[in-house]
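[1] Have a look; sequence and predicted model below, questions after that.
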Amino acid sequence: MRKNFDELTIADDFMFCKIMQDEETCKTFLEMTLADKIGKISYLSSQNAITTGAGAKSIRLDILVKDETGKSYDIEMQAVNEHNLPKRMRYYQAALDILFLDKGKHYSNLNDSYIIFLCLFDSVGKDMPLYSFENICIEDRQILLNDGAKKIIINANAFSKAKDKNLSGFLEYVKTGKVTTEFTGRIEKMIETLKSNEQARSEYRFISGFEMDAHHYGRQEGMKEGMKEGMKKGLAKGFADGAYQNKLETAKNLIDIGLSIENIIKATGLSREEIEKL
């Protein structure tokens, strides 16, 4: 069941995406996580749907960021442990690489990228607040592959073990809702403002209703054709129009950052004519 809008916290996907759309907030979060400064944000978008091929599994990114140096960052909020995080991160990395490397370009043009999952659970099991992964040589672990790909899993459960005070405070806020730092205080005020925003409330209501309608249609079809097949058809019909609109919005965003039409076709599945009309 969907939460009531007034009960949403930073740990809920809808609110997380809204808060991270603020450039200053997103930049602060990235710099806390990476313990380093990043370039000025040149592109920031939420809920990007990416399809790498007609028969390929599509993905939807919570927050996609590019900075002025060309580095990209995918930030995901994960509340439930589905026990597939490593391979999910692998697939997301592959999808982003296909998206950002234009046809005919050299592999050296691939940008550095970070896949970051902020989790309410410890998927690795070592009770650490931050797990950072890079490809290394098994025979000599001092040798890095230097492929520019980094994956980070954040465990909000271990907020008290984070060495950086601001990161510890942020993770505690994500996990418990307790405000202990200036940064989390600012986020709390942003959430309070959003909860009094009728447009945001209507958007959340629309999304919730849309999903419930899709499930309802699936159940009705299931009575006639079997629940499993009915759910498939119901969800497909329920999301078809919304998915198409989302593809159009994603295509507009990709046009804005200068991606080639060929790669936008690969990313969204839209035709050249549909993209040129935008």
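    Everything's here; your move.
[2] Count the residues that sit near residue 31.
    14 (other Cβ atoms under 10 Å). C-beta coordinates here come from the backbone N, C-alpha and C atoms, glycine included.
[3] can you check residue 112 too?
    15.
[4] Residue 207 too?
    Residue 207 has 15 nearby residues by other Cβ under 10 Å.
[5] That one is in contact with residue 17, isn't it?
    No - in this structure, residue 207 is not within contact of residue 17 by Cβ atoms under 8 Å, at 10.9 Å.
[6] joint contacts of the two?
    The contact sets of residue 207 and residue 17 do not overlap (Cβ atoms under 8 Å, 6 or more residues apart in numbering).
[7] Skipping its backbone neighbours, what lies nearest residue 195 in space?
    residue 6 (5.9 Å; Cβ to Cβ, 6 or more residues apart in numbering).
[8] Wait, a helix at the one you found?
    Yes - with DSSP: H, G, I helix; E, B strand; the rest coil as the criterion, residue 6 is assigned to a helix.
[9] Quick check: the gap between it and residue 196.
    Residue 6 is 10 Å from residue 196, where distance means Cβ to Cβ, to the nearest Å.
[10] those strands in the chain, which residues are they?
    41-50, 59-67, 72-78, 113-119, 130-133, 149-155 (DSSP state E).
[11] For residue 246, find the nearest of those.
    strand 41-50 (5.0 Å; Cβ to Cβ).
[12] my read: residue 159 touches residue 172, true?
    Yes - between residue 159 and residue 172 there is a contact at 4.2 Å, judged by Cβ under 8 Å.
[13] For the stretch 1-150 of the chain, just list every one of the helices.
    Assigned by DSSP state H, counting those that start in this stretch, the helices in the stretch 1-150 of the chain fall at 13-20, 23-34, 85-100.
[14] and of these, who's closest to residue 109?
    Per Cβ to Cβ, nearest to residue 109 of the helices of the stretch 1-150 of the chain: helix 85-100, 8.6 Å.
[15] on that earlier part again, how about JSON lines for the helices of the stretch 1-150 of the chain, with distance to residue 189 and mean pLDDT added?
    As requested, those are exported to JSON lines (distance: least, Cβ to Cβ, whole Å; pLDDT from 0 to 100):
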{"stretch": "helix 13-20", "distance to residue 189": "11", "mean pLDDT": "96"}
{"stretch": "helix 23-34", "distance to residue 189": "11", "mean pLDDT": "97"}
{"stretch": "helix 85-100", "distance to residue 189": "31", "mean pLDDT": "93"}
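[16] what residue ranges in the stretch 101-250 of the chain are flagged as low confidence?
    208-243 (pLDDT under 70).
[17] one more time with 80, if that's ok
    Along the stretch 101-250 of the chain, segments meeting pLDDT under 80 span 207-247, 249.
[18] Next, count neighbours for residue 153.
    Around residue 153 there are 22 residues (other Cβ under 10 Å).
[19] list the contacts for it?
    Applying Cβ under 8 Å, 6+ apart to residue 153 gives the contacts 85, 89, 117, 119, 123, 124, 130, 131, 133.
[20] From residue 55, how far off is the fourth one?
    Per Cβ to Cβ, residue 119 is found 30 Å from residue 55.
[21] now swap in the last one and tell me
    For residue 133, the distance to residue 55 equals 29 Å [Cβ to Cβ].
[22] So the two - more neighbours on which side?
    residue 133 (14 against 6).
[23] hang on, the earlier thing: present the contacts of residue 153 as TSV; the columns should include distance to residue 257.
    Formatted as TSV, the contacts of residue 153 follow (distance: Cβ to Cβ, whole Å):
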residue	distance to residue 257
85	27
89	23
117	23
119	28
123	31
124	33
130	29
131	29
133	26
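[24] so which of those residues comes closest to residue 178?
    Comparing every one of these with residue 178 (Cβ to Cβ), the shortest separation belongs to residue 119, at 18.3 Å.
[25] Which pLDDT does the model give the residue nearest to the closest one when sequence neighbours are not counted?
    Leaving aside its sequence neighbours, residue 119 sits nearest to residue 78 (Cβ to Cβ, 6+ apart; 4.7 Å). As predicted, residue 78 sits at a pLDDT of 96.
[26] Hmm, the residue nearest to residue 195 is touching residue 192, no?
    No - look at residue 6 against residue 192 with Cβ under 8 Å: they stay out of range, at 10.4 Å.
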